[in-house]
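> The following comprises the amino acid sequence and a computationally predicted model.
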Amino acid sequence: MNSRQRLLSATLEPVYLFDRLLFYLWLMVPAYQYSDLHVRDSRVGFWGIAALLIFRLTIRDLLRRRFVLPSRGLCIPFALVFAWKFVELVREPRQLDTALLFFFDFLITYTCCLLIAPRIFSVKTWLVEFRWVNLFTLVLSIVAHPFIPARTDMAGWDKGASWSFAHPNIAAMYPLVIYLATIIMFGTGVKRRLRWFDVFCVTFSVVTLIMTRSRTALVVAIVATALSLINAIVLAYIKKKPRGNVRALSALLKLCALLVIGSGAYFAFLSLGTQALDEKLSGRLSFAMQVLLSANDLVLGVGLLPPGSNLVADNSTRGAGIDGLYTNLVYAEGYVGLVIFAIAMLAFRRMASFDRRCRAFFDVALVSGLLFGVTETHFWFLASPITAFVAVLASTMGTQAGSRLTVYLGAPLPRLVQRKGAS
């Protein structure tokens, strides 16, 4: 057995270095799109690399006379997601070409994250190597920043450090994901001993995150840290008292955290008032209400639009679109789309529920993505690092736990060959 076959993916297949390099390049295309460079035809790389990955895996399956379907537990929820988005695409009010491109972007993103990634990565290799990819991207952005002219066509682009990215909130996703990946590595047991590189990653991510001044990302990092501490306490309690009422302790700690967060938000609202709170949120609240009230149907939505787009104000005149995942969902896809989104998130969580430790620390990643979506649209809608992190983590965890299906073409392989392949 050669060196490249010693590493197995979540589907227990041998991992090929070329596939991993292609996936890294595919992950970095969105970073190129989000940069200060005015990129044209960037979808050629995004779709082309995905097509090459799908082609390689399909040919491999045909030669082996079997098809491997990972993330089996996510097939029905994401069939609902894609079906409803297609319905909304048909109802799209204007700019059908643009909405169609976004639909295919979404389809390719989750095809790669849910069907391709588990055949290339295991949970361990994904966490370790995804951290490296984002660290490389962030350092490259900082180094290349002096040589790239800054863009001024986005609202708030100068509020914090964004380096080569178009906006501080975009730049903040990369240190945030580095920080989350490091926490989850130790939480899930992928790494058991702290090394100097882990300390560097945490320090570097926290410092760069503070430099971006992204309020959303900083709040997400604080909440993720608090959840991780709660998980550590609960897991330590399990070791000492395996028969104790662990669920009650976990629920009590999380309830206390929710009460503290809720009370803080309530008192902040009382002390600031609606107008001042809207100013603190850069006008997001009032504009979101204006857009939602303009929709003729909030049950079905107005039809599929690119993230941030609306029928009230042009992005080019306002400087920004609708901020926030949930406002975008309700406006474009209605309450039906919001319910289907909730089903997909529950399916993500169910994929990681095979192990108490994995479920607890996957919740850290999932809650971080959901919180990031309060003011931003990069989670779920776009092929951002936080979207790829959550989706691939769910798919590799569930697939590695057995949520996969193998379909044989013709007669199945002998049992002896199957056992050798599995080993």
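Happy to help now that I have it. Numbering: from 1, shown residues only.
> how about the strands in the stretch 151-300 of the chain?
When assigned using DSSP state E, counting those that start in this stretch, the stretch 151-300 of the chain turns out to have no strands.
> And the pLDDT at R4?
If you check R4, the pLDDT there is 43.
> got it, and A257?
Looking at A257, its pLDDT stands at 66.
> same question, A248
We note a pLDDT of 65 for A248 in this prediction.
> start the count at 51, not 1, going forward
Done: numbering now begins at 51, and the last item shifts to A298.
> Low-confidence stretches in the stretch 51-200 of the chain?
Scanning the stretch 51-200 of the chain for pLDDT under 70 picks out 51-56, 86, 88-89, 200.
> where along it do the helices fall?
Using DSSP state H, counting those that start in this stretch, the helices found in the stretch 51-200 of the chain span residues 67-83, 93-114, 125-140, 146-161, 173-194.
> what's in contact with the last one?
Where contact means CB atoms under 8 Å, 6 or more residues apart in numbering, the residues beyond helix 173-194 that reach it are 57, 59-60, 65, 70, 74, 77-78, 81, 85, 167, 171, 213-215, 221, 224-225, 227-228, 231-232, 234-235, 238, 240, 251, 254, 258, 408, 435, 438-439, 442-443, 446-447, 450. For glycine as for every other residue, the C-beta is placed from the backbone atoms N, C-alpha and C.
> Please repeat the previous calculation with a cut-off of 6 Å.
With CB atoms under 6 Å, 6 or more residues apart in numbering as the contact definition, helix 173-194 has outside contacts at 74, 77, 81, 213-214, 224, 227-228, 231, 235, 240, 435, 442, 446-447, 450.
> Of those, just say which sits nearest to L343.
Proximity of the contacts of helix 173-194 to L343 (CB to CB) peaks at P435, which lies at 33.4 Å.
> what about the closest one, neighbour count?
Other residues near P435 come to 27 when the count uses other CB atoms under 10 Å.
> okay but it is in contact with L226, surely?
No. Counting by CB atoms under 6 Å, P435 stays clear of L226, with 8.3 Å between them.
> picking up where we left off before, any idea which of the helices of the stretch 51-200 of the chain gets closest to V269?
helix 173-194 (19.7 Å).
> which parts of that closest one are buried?
173-177, 179-181, 183-185, 187-188, 191 (16 or more other CB atoms under 10 Å).
> Ok, stretch 404-424 next?
Applying a neighbour-count criterion of 16+ other CB under 10 Å, one finds 408-416, 418-424 buried in stretch 404-424.
> of those residues, closest to A149?
Nearest to A149 among these, counting by CB to CB, is G423 at 20.2 Å.
> Need the nearest residue in space to the closest one, chain neighbours excluded.
L375 (3.2 Å; CB to CB, 6 or more residues apart in numbering).
> Run through the residues that contact E383.
Counting by CB under 6 Å, 6+ apart, E383 makes contact with E138, G351.
> ok, now how distant is A274 from C125?
Separation of A274 from C125 (CB to CB, to the nearest Å): 29 Å.
> Who has more neighbours out of these two?
Applying other CB under 10 Å to A274 and C125 shows that A274 carries more neighbours, namely 22 against 16.
> wait, what's in contact with that one?
Counting by CB under 6 Å, 6+ apart, A274 has contacts L230, V414, S418.
> got a list of what the second one touches?
So that's V414. A274, L277, S278.
> give me that answer again for 7 Å
By CB atoms under 7 Å, 6 or more residues apart in numbering, the contact list for V414 reads L230, I233, I234, A274, L277, S278.
> Nearest to W97 among the contacts of helix 173-194?
For the contacts of helix 173-194, the residue nearest W97 by CB to CB is L77; the value is 14.2 Å.
> which residue sits closest to that closest one, ignoring its sequence neighbours?
Closest to L77 by CB to CB, 6+ apart is V183, at 5.6 Å.
> How much space separates the one you found from W76?
V183 is 10 Å from W76, by CB to CB.
> Quick check: which ranges of the stretch 201-350 of the chain have low pLDDT?
201-208, 287-304, 307-308, 311-312, 314-334.
> Of the contacts of helix 173-194, just say which sits nearest to R116.
Comparing these against R116 with CB to CB places Q450 closest, at 18.7 Å.
> Could you report the neighbour count for G351?
Using other CB under 10 Å: G351 sits among 25 other residues.
> you'd agree it is in a helix?
No. If the criterion is DSSP: H, G, I helix; E, B strand; the rest coil, then G351 is coil and not within a helix.
> My guess is it contacts E138. True?
Yes. Judged on CB atoms under 7 Å, G351 makes contact with E138 at a distance of 6.0 Å.
> shared neighbours of those two, which are they?
Shared contacts of G351 and E138, defined by CB under 7 Å, 6+ apart, comprise A382, E383, G387.
> Which of these fall within helices?
Assigned to helices by DSSP state H, the following of the shared contacts of G351 and E138 qualify: A382, E383, G387.
> The last one contacts L350, correct?
No. Here G387 lies out of contact with L350, judged by CB under 7 Å, at a distance of 8.5 Å.
> who's more crowded, those two?
When neighbours are counted by other CB under 10 Å, G387 and L350 differ, and G387 comes out ahead with 23 against 17.
> Leaving out sequence neighbours, find the closest residue to the more buried one.
Nearest non-adjacent residue to G387 (CB to CB, 6+ apart): L379, at 5.3 Å.
> Could you do A100 as well?
Nearest non-adjacent residue to A100, counting by CB to CB, 6+ apart: I158, 4.9 Å away.
> Which secondary structure element is home to S359?
According to DSSP states H and E, S359 maps onto no helix or strand at all.
> That one: neighbouring residues, count only.
The number of residues packed around S359, counting by other CB under 10 Å, is 22.
> What's the separation between it and T232?
Counting by CB to CB, the gap from S359 to T232 is 35 Å.
> what's the answer for A415, then?
Per CB to CB, A415 is found 12 Å from T232.
> Correct me if wrong: the residue nearest to G423 contacts L432.
No. Taking contacts as CB under 7 Å, L375 lies outside contact range of L432: 10.0 Å.
> nearest to S264, of the contacts of A274?
Nearest to S264 among those: S418, at 13.0 Å, using CB to CB.
> quick one: contacts for that closest one?
Residues in contact with S418, defined by CB under 7 Å, 6+ apart, are L230, V270, A274.
> Could you count how many residues lie near the first one?
Read that as L230. Neighbour count of L230, defined by other CB under 10 Å: 29.
> Contact partners for it?
Contact analysis of L230 by CB under 7 Å, 6+ apart lists A274, V414, A415, S418, F439.
> so what's the third one up against?
A415 is in contact with L230, I234, F439, V440, L443, counting by CB under 7 Å, 6+ apart.
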